[in-house]
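**Q** here is a sequence with its predicted model. Questions after.
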Amino acid sequence: GAVVSQHPSRVICKSGTSVKIECRSLDFQATTMFWYRQFPKQSLMLMATSNEGSKATYEQGVEKDKFLINHASLTLSTLTVTSAHPEDSSFYICSGSGSGGPGETQYFGPGTRLLVL
Amino acid sequence: SQKIEQNSEALNIQEGKTATLTCNYTNYSPAYLQWYRQDPGRGPVFLLLIRENEKEKRKERLKVTFDTTLKQSLFHITASQPADSATYLCALTDTGRRALTFGSGTRLQVQP
């Protein structure tokens, strides 16, 4: 199957700082990338959908000015958590798909664990 | 409101038995339903996709059924092995949307 990588795998930062997470599709072109957040013992919650070269579409309740998403190429999307606070501590997972069409398989990255002190 | 429900209690079974996991949904009209496996601290891994016009899909020891009348999908692992121990997530794509909505997952523990 297709491979998606994320970097870093784990990050600890101080409250008020910004953190950037990279998501790369290694062996396919991800026209659409999705960003999810997962709190302990809970399911993945979709944060935003991004198409290469377009602005991301954010889910209700997700602050677009706090979670900046850039999808500048078909193989790279970044999520920047700006002015992070302890409540932003979570497991962030990205996924990519070829066209992002309904039902198309999404290939997930290994996740990034963020801890904000 | 929309819901995707999976049994939150862990399922413990003996090696060699068939594991059956349930996914029920309400107020969705999914064109597709998918099952993923997630290991602790890792991203989900795709297992199977079933379309609304398909009743059953198989892949090796895995079988998925999809009943749009009951609004339910069943996920079976036959001849289960300790290596099958993980959390299994069902996810669906609602009509008109591209993104997946996930259930909370069921943890499967296969005892040797």
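**A** Now that the structure is in, tell me what you want to look at. Small disclaimer: the values here were computed from a predicted structure and weren't measured.

**Q** what helix or strand is residue 36 on?
**A** Answering for chain A, as no chain was given. Assigning secondary structure by DSSP states H and E places A:Tyr36 in strand A:32-38.

**Q** nope, chain B
**A** Secondary structure (DSSP H and E) places B:Tyr36 in strand B:30-38.

**Q** right, is that strand up against chain A?
**A** Yes - using Cβ under 8 Å from any Cβ of the partner chain, strand B:30-38 reaches chain A at B:31-32, B:34, B:36. Placement of C-beta: from N, CA and C, glycine included.

**Q** the strand holding A:Tyr36 and chain B in contact?
**A** Yes - counting by Cβ under 8 Å from any Cβ, chain B is contacted by strand A:32-38 at A:32, A:34, A:36.

**Q** so the first one makes contact with A:Ser50?
**A** Right, A:Thr32. Yes - using Cβ atoms under 8 Å, A:Thr32 makes contact with A:Ser50 at a distance of 7.0 Å.

**Q** so which of the two has more stuff around it?
**A** A:Ser50 (27 against 23; other Cβ atoms under 10 Å in any protein chain shown).

**Q** quick one: what helix or strand has the closest residue to A:Val62 other than its chain neighbours in it?
**A** Once flanking residues are discounted, A:Val62 sits nearest to A:Met47: 4.9 Å by Cβ to Cβ, 6 or more residues apart in numbering or on different chains. Assigning secondary structure by DSSP H and E places A:Met47 in strand A:45-51.

**Q** which residues touch that strand?
**A** Residues outside strand A:45-51 that contact it (Cβ atoms under 8 Å, 6 or more residues apart in numbering or on different chains): A:31-38, A:56-59, A:62, A:64, A:67, A:69-71, A:77, A:79, A:100, B:98-102.

**Q** among those residues, name the buried ones.
**A** Among the contacts of strand A:45-51, those classed as buried by 16 or more other Cβ atoms under 10 Å in any protein chain shown are A:31-38, A:56, A:58, A:62, A:67, A:69, A:71, A:77, A:79, A:100, B:98-102.

**Q** contacts only, for B:Leu100.
**A** A:34, A:46, A:106, B:34, B:91-93.

**Q** would you list the residues you listed in TSV and tack on distance to B:Pro40 and pLDDT?
**A** Shown next, in TSV, are these (distance: Cβ to Cβ, whole Å; pLDDT from 0 to 100):
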residue	distance to B:Pro40	pLDDT
A:Phe34	21	93
A:Leu46	21	93
A:Gln106	20	86
B:Gln34	21	93
B:Ala91	19	94
B:Leu92	24	90
B:Thr93	26	83
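
**Q** adding distance to B:Asn7, write those residues out as TSV.
**A** Listed next are these as TSV, based on distance: Cβ to Cβ, whole Å:
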residue	distance to B:Asn7
A:Phe34	26
A:Leu46	22
A:Gln106	24
B:Gln34	18
B:Ala91	16
B:Leu92	17
B:Thr93	22
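
**Q** let me know the closest of those residues to B:Glu15.
**A** B:Gln34 (26.3 Å; Cβ to Cβ).

**Q** and the residue sitting nearest the centre point of chain A, how far from A:Ala84?
**A** Geometric centre of chain A, nearest residue: A:Trp35, 3.4 Å, by Cα atoms, centre = their mean. Applying Cβ to Cβ, to the nearest Å, the value for A:Trp35 to A:Ala84 is 15 Å.

**Q** just B:Tyr25 next, same as before
**A** 34 Å.
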